[in-house]
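Visitor: Compute the structure for the input listed below.
(2 chains)
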Amino acid sequence: MAISSTEAAPRSRPPGLGRFLFNMAIALGIMIAGIVFAVLCAVAVFTALNTVLPDIKLVQAVLVMVLGVAACFGYFWGSNRLLDLIYPPRGSRVADNINAANGIRPWLFLGPAIVILGIYLVYPVINSIFLSFHGPSGETWVGGANYAWLAKDAAFRESMRNNILWLIVVPAAATFFGLIAAALTDRIGWGNVAKSLIFMPMAISFVGASVIWKFIYDYRAEGSEQIGILNAVVTFFGGEPQAWITIPFWNNFFLMVILIWIQTGFAMVILSAALRGIPEETIEAAIIDGASPFQIFYKIKVPQIWGTIAVVWTTITILVLKVFDIVLAMTNGQWGSQVLANYMFDWMFRGLDFGRASTIALVIMAMVTPIMIWNIREARKDMK
Amino acid sequence: MTDLSLKNIQKSYGNTRVIHGIDLDIEEGEFIVFVGPSGCGKSTLLRMIAGLESITGGEMFIGGARVNDIPPSQRGIAMVFQSYALYPHMTVYDNMAFGMKIAKAPKEEIDKRVQEAAEILQLTPYLDRLPKALSGGQRQRVAIGRAIVRNPKVFLFDEPLSNLDAALRVATRIEIAKLKSSMPDTTMVYVTHDQVEAMTLADRIVVLSAGHIEQVGAPIALYEKPANLFVARFIGSPAMNIQPARIEKTGGQTVISLSGRQVAVPIPSPESLAGAPAHFGVRPEDLRVADGDDFLFEGEVHFVERLGEVTNVYVNVKDVDEPVVVKIAGVQKHARGERLRLTASAEKMHLFTKEGRSLFYI
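Guide: Predicted coordinates for the structure are as follows:
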């Protein structure tokens, strides 16, 4: 942290909080100067070049991109320069100046990111809390009415139940299959090919994956040719074709399969790296101790990568809590497959009720946050 | 009784042969040390005994039974790894009990054996700790304890001290020596590149180089009568001085010419070597400063290392590339540029043929 440099600060400077505020003021000043300067330069260059260059949209777009990146570099370079001008790293007070500059520099570099995160993350949260106490248009104060409605709403309860189902099944299944795939592919010659194949669904968007799986679950009336592979298999063995995604309760699991299919690759890649990090000698010691390959796997290997398994598990859990695209594309929440994120979307853009949608959004956030915190802590522990 | 027997053991990786036919018989209760420079195949050989590396050619017997195709856990061996290889998620107790639990031994039996091993190694207070809460020396003791609990016929050590700091290394070395004397019937095979460990621990040392055995013998035998130039240079520190010479007269004692001087060495030599080039060897600690005209080498002091207990003096001898090293007890005042004459007792001298074989063994 930047404040830690106060310990080394000379006595002539204000200590503690005073020094912190002093640093922040200077940082803020330099930051504003840097941003204004970088933006002005970029705009000036753009205007100047625009008069010369032909009036083609593509050229302008490329120019804006290049100038945008240049302005970012300009900000970091310029603000750093400015700091060095204020606290020059030379002369008689060189040590004091370097210490002071080191206290400010992190804030300069973090500043733009903090501001942007504030605008796009913190402000929406605060506004959602505000909206959740207001009516559909967000103008009339309704107190806790939205929360009271939510507590009694049957569709919300269905969404909660389904979300919890997703929460139990998907992370467990994806991590489990990922672990198995990682363990098996590490041992075989064509493991890397297998890994690529298993990882490939990660590259497909959720909506794209849903489209693929819609074909798998596709249903045609009995007697006609089944183009869905699942029904084709079922009819081949003499069964009756089913409209899979309309079967209440079970359709949840058919939807979950899609996310498991996507996330297994992610789990596999991370766990495979973790498995390779296990010291070979502990495995050899287990071989000498007489452990079978299966015992080595679950008594020696898995416990050693437990931290990584937990991180993978929680990362997928967070993703699952926000599951939206798959449900929207497959069933749009019909036939008892509603989930929170899709329900929120329904109230926001179909019900046009900002208040209720925000209330549901806050419920999702309340569920994600603790897992998120735990996940980040665990991941940090793993990195040490 | 022979406990461990290697017959023409070979190891190849593809077309690269790394172990070239090792023959070795180890008696029950012996402490054998494999020593050699990095890449000489000593660890590979140990891992082949353990069963962690397959045997490409030859036969191996442990306790009379052929073990080529027997898995490590049934060979009656236990191994202590360089990095300890403790299971990080298990307590000290569970680390030591793991093998017996896998073998489904009765609980009381496991407990008895673990407690005994912990007692021997003074690990009893740490039994419920995780390895990460132990010091390096304690971890190494747990690794040894895990081996003891297996009650093996043969103990294998793969450079067990190289991860410890110097002081702890000496202490653990003494502990291993004590452990050995408390288990007189257990055979131990120990791999190291540290000749001090080899000299202090071994009943017999096996010197390996490039997948061959150079010499097998008791530590002092290797020191006093190395079979070839490799062993002569490898055992002893600083290494033995080797200088080119020519055999002038063969017989009950050999006369050589060494930088133009005639030296009589009391080692018999066959007539066929008369006039042949040879190598003359003498250990730095066997050399001393000569007062009179009877000397082996004469030269200028090039470099002096004062270690307190001894002083190593490097002397440049005319017409020879490598300086002659002399190790003199105590702190010596010799300075760079000083002219020194060096000599040694005749019975401390070594002679090697041009190919590097010692005349002691011809």
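
Visitor: in terms of contact, does B:T200 touch B:A177 like I think?
Guide: Yes. Contact criterion CB atoms under 8 Å: B:T200 and B:A177 qualify, at 6.9 Å. In short, each C-beta sits where N, CA and C put it, glycine included.

Visitor: how about the strands of the stretch 201-350 of chain B, start to end?
Guide: Counting by DSSP state E, counting those that start in this stretch, the stretch 201-350 of chain B has strands at residues B:204-209, B:212-217, B:241-249, B:254-258, B:261-265, B:277-282, B:287-289, B:297-306, B:310-317, B:324-329, B:339-344, B:350-353.

Visitor: Phi and psi next, for residue 191.
Guide: No chain specified, so I'll use chain A. Main-chain dihedrals, A:G191, degrees, to the nearest 10: phi -60, psi -40.

Visitor: wait, I meant chain B there
Guide: Per degrees, to the nearest 10, the backbone of B:V191 is at phi -100, psi 130.

Visitor: Do you know the pLDDT at it?
Guide: Confidence at B:V191, expressed as pLDDT, is 94.

Visitor: for it, what are its contacts?
Guide: Applying CB atoms under 8 Å, 6 or more residues apart in numbering or on different chains to B:V191 gives the contacts B:33-35, B:42-43, B:45-46, B:156-159.

Visitor: Can you name the two of the residues you listed that sit furthest apart?
Guide: B:V35 and B:L156 (14.7 Å; CB to CB).

Visitor: Any idea how many residues pack against the residue in the stretch 101-250 of chain B that chain A sits nearest to?
Guide: Proximity of the stretch 101-250 of chain B to chain A (CB to the nearest CB) peaks at B:I102, 4.8 Å away. By other CB atoms under 10 Å in any protein chain shown, 17 other residues sit near B:I102.

Visitor: Contact partners for it?
Guide: With CB under 8 Å, 6+ apart, B:I102 has these contacts: A:289-291, A:295, B:73.

Visitor: By neighbours, which of these wins?
Guide: Within the contacts of B:I102, A:D289 tops the neighbour count with 27 neighbours, counted by other CB under 10 Å.

Visitor: which residues touch the closest residue to that residue other than its chain neighbours?
Guide: Nearest non-adjacent residue to A:D289, counting by CB to CB, 6 or more residues apart in numbering or on different chains: B:G99, 3.5 Å away. Counting by CB under 8 Å, 6+ apart, B:G99 makes contact with A:288-290, B:73, B:146, B:149-150.

Visitor: quick revisit: now list the buried members of the contacts of B:V191.
Guide: B:33-35, B:42-43, B:45-46, B:156-159 (16 or more other CB atoms under 10 Å in any protein chain shown).

Visitor: Out of these, the closest to B:V325 would be?
Guide: Relative to B:V325, the closest of these is B:V35; by CB to CB it sits at 21.4 Å.

Visitor: what's the closest non-adjacent residue to the closest one?
Guide: In space, B:V35 is closest to B:A198, 4.2 Å off (CB to CB, 6+ apart).

Visitor: Could I get the phi/psi values of B:D293?
Guide: For B:D293, the backbone dihedrals (degrees, to the nearest 10) come out as phi -90, psi 0.

Visitor: Which pLDDT value does the model give the residue nearest to B:V35?
Guide: pLDDT, B:A198: 91.

Visitor: This completes my enquiry, with thanks.
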